[in-house]
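Asks: sequence-free structure coming up:
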């Protein structure tokens, strides 16, 4: 009997509090039905949802692909979109990701916008978003992302996606057909595309996305993860200098510096005749040969500064 | 403390035994949110609301528990009530001050485990055995004390930030700790008042 009293009291208190919270929830949090109209690549959409949650979760529920690597905590800054009307004022948590210029245009982070009223918005396409990022000045391909941009970021770009000609289209079709039924087909497809085109052209990725019925963002995610793939055209010979710990200690910087004047480019660039691309990579797993580099798939090591001109001469002779 | 006047309770809780500066309780949100006057102000206000509500509710519950001889569940029940109150505050803030709520981030739900809140509930019941009116007065003044300490530290921090002469290693929590310590020393001067 004595143990029953405390249990009874706890139950009673829990029950009362639950009722109070439920009433408060009904009175305070519910915002009724809100209409969200979305304009994006594929035309306009409109849907009605129960208000109260964030725009990001609602859009994801509706099956839209919004990049948000931080899962809506407002720390990655990827889920940008343009809110035309509704959504309230910009929050302090967003200010560090959104420049003054973008604020004027109504850019918000989807994960920070609470849906409380009808909202009208424009969702920019991922590829053009990232392209805009890479074109703005503060972006440096060698240091991954920086978030301070004053540039033209989320302006919808003119649709000038280069078209593929018939042979190229057939090539892509062949590649896709070859791997279509295998499990995990996308990586082998990208490999073959890379072997055929020497890089991953945007138009090809778009076609692959269409053929495989897979969102472009997913392909983009895979394509940007691996160092092997490049979204920009690369030279016929891709010289990749390892700057992993072992190679760094044994003078990888010197090797890169030896290449730069000979090729007339900086690390990360491609020569104008599209022959050479010079890149660095963290590790290629040949520490025994440090400092080591690869020319396309051919491993060269251990390298010295003196061997650099020789190597270039060899490559040029082989081409002729 | 049965016969103590309300004024002396007010002064004791506000100045002499300030929860933040005398007992050094609730330091986590204290240090984290004392960097700007606006957030410190808001956090302090939220604490005032929660503390007043929970202490007066918990006092009633304590009497029931004591009467039924089930004081064993005192802590659990207190925490449950506090958690519910914080939920309520969060809903209210979300509705009426979304910007403030966003700048609090994780610290608003964390009022639940802010030891100030549980401390005051326990002190008025178990330790001091205050009457209901005294409880309410004590809770409000102790919470105002917390708010006062936070706002003072935040104001000083903002001034220092403006001058910009804080050494690199001390920026942020470091200098706030030092400011808190100095103000706590100053508050020791109140100790003879009541």
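Replies: Cool, the structure landed. Keep in mind that what you see is a predicted model, and the values were worked out from it rather than measured.

Asks: residue boundaries of the helices in the stretch 151-300 of chain A?
Replies: A:166-179, A:186-197, A:202-212, A:216-225, A:245-249, A:252-263 (DSSP state H, counting those that start in this stretch).

Asks: I meant chain B, not that one.
Replies: For chain B, the helices defined by DSSP state H cover B:6-11, B:27-33, B:37-68, B:74-96, B:98-104, B:115-122, B:132-163, B:173-188.

Asks: Among the ones you listed, which comes closest to residue A:280?
Replies: Closest approach to residue A:280 among these (C-beta to C-beta): helix B:173-188, 37.8 Å. Using the backbone N, CA and C atoms, a C-beta is placed for each residue, glycine as well.

Asks: what mean pLDDT does stretch A:163-173 have?
Replies: Averaging pLDDT along stretch A:163-173 gives 83.

Asks: Mind listing what's buried along that stretch?
Replies: With burial defined by 16 or more other C-beta atoms under 10 Å in any protein chain shown, the residues of stretch A:163-173 counted as buried are A:164, A:168, A:171, A:172.

Asks: how about those residues, which pair is most distant?
Replies: Across these (C-beta to C-beta), the longest gap, 8.7 Å, separates A:164 and A:171.

Asks: Show me which residues of chain B are close to chain A?
Replies: For chain B, the residues in contact with chain A (C-beta under 8 Å from any C-beta of the partner chain) are B:61, B:64-65, B:68-70, B:72-73, B:76-77, B:80-81, B:84, B:87-88, B:91-92, B:94-95, B:98-99, B:102-103, B:105.

Asks: try 7 Å
Replies: Listed as neighbours of chain A in chain B under the rule C-beta under 7 Å from any C-beta of the partner chain: B:61, B:64-65, B:68, B:70, B:72-73, B:76-77, B:80-81, B:84, B:87-88, B:91-92, B:94-95, B:98-99, B:102-103.

Asks: Out of those residues, which end up buried?
Replies: The buried subset of these (16+ other C-beta under 10 Å) comprises B:61, B:65, B:70, B:73, B:77, B:80-81, B:84, B:87-88, B:91-92, B:94, B:98, B:102-103.

Asks: Name the nearest of the residues you listed relative to residue A:179.
Replies: Closest to residue A:179, out of all of those and judged by C-beta to C-beta, is residue B:102, at 45.8 Å.

Asks: next one: phi and psi at residue A:114?
Replies: Backbone torsions for residue A:114, taken as degrees, to the nearest 10, come to phi -90, psi 130.

Asks: tell me the contacts of the residue lying closest to it once chain neighbours are set aside?
Replies: In space, and not counting its chain neighbours, residue A:114 is closest to residue A:54: 6.1 Å by C-beta to C-beta, 6 or more residues apart in numbering or on different chains. By C-beta atoms under 7 Å, 6 or more residues apart in numbering or on different chains, residue A:54 lies in contact with A:72, A:111, A:113, A:114.

Asks: And for residue B:59?
Replies: Contacts of residue B:59 (C-beta under 7 Å, 6+ apart): B:124, B:125, B:132, B:135.

Asks: Recalculate using a threshold of 8 Å.
Replies: B:121, B:124, B:125, B:130, B:132, B:135 (C-beta atoms under 8 Å, 6 or more residues apart in numbering or on different chains).

Asks: How much space separates the residue nearest to residue B:51 when sequence neighbours are not counted from residue B:96?
Replies: Excluding the flanking residues, the one nearest residue B:51 by C-beta to C-beta, 6+ apart is residue B:143, at 3.9 Å. Between residue B:143 and residue B:96 the computed distance is 20 Å (C-beta to C-beta, to the nearest Å).

Asks: Settle it for me: which of those two has more neighbours?
Replies: residue B:143 (26 against 10; other C-beta atoms under 10 Å in any protein chain shown).

Asks: any idea how far that one is from residue B:13?
Replies: Distance from residue B:143 to residue B:13, by C-beta to C-beta: 9 Å.

Asks: Also residue B:175?
Replies: In terms of C-beta to C-beta, residue B:175 sits 27 Å off from residue B:13.

Asks: neighbour-wise, which of the two wins?
Replies: Taking neighbours as other C-beta under 10 Å, residue B:175 and residue B:13 compare with residue B:13 leading, 25 against 20.

Asks: Please give me every residue in contact with the more buried one.
Replies: Contacts of residue B:13 (C-beta under 8 Å, 6+ apart): B:19, B:137, B:138, B:141, B:142, B:145.

Asks: State the pLDDT value of it.
Replies: Reading off the model, residue B:13 has pLDDT 90.

Asks: try residue A:183
Replies: 86.

Asks: now do residue B:82
Replies: Looking at residue B:82, its pLDDT is 90.

Asks: Isn't the residue nearest to residue B:51 up against residue B:119?
Replies: No. With contacts counted by C-beta atoms under 8 Å, residue B:143 stays clear of residue B:119, the gap being 11.1 Å.

Asks: what's the single longest helix in chain A?
Replies: helix A:4-24.

Asks: Give me the buried positions along that helix.
Replies: By 16+ other C-beta under 10 Å, the buried positions in helix A:4-24 come out as A:6, A:9, A:13, A:17, A:21, A:24.

Asks: For chain B, tell me which of the residues you listed show up nearby.
Replies: Among these, chain B is touched by A:6, A:9, A:13, A:17, A:21, A:24 when using C-beta under 8 Å from any C-beta.

Asks: Please tell me how far the third one sits from residue B:92.
Replies: Look at residue A:13 and residue B:92: by C-beta to C-beta, they are 21 Å apart.

Asks: Single out the most deeply packed of the helices of chain B.
Replies: helix B:115-122 (a mean of 22; mean count of other C-beta atoms under 10 Å in any protein chain shown).

Asks: Of the helices of chain B, which is nearest residue A:270?
Replies: helix B:98-104 (44.4 Å).

Asks: for that closest one, the distance to its chain's centre please.
Replies: 19 Å (C-alpha atoms, centre = their mean, to the nearest Å).

Asks: What helices and strands are in contact with that helix?
Replies: helix A:92-95, helix B:37-68, helix B:74-96 (3 or more C-beta pairs under 8 Å, 6 or more residues apart in numbering or on different chains; DSSP states H and E).
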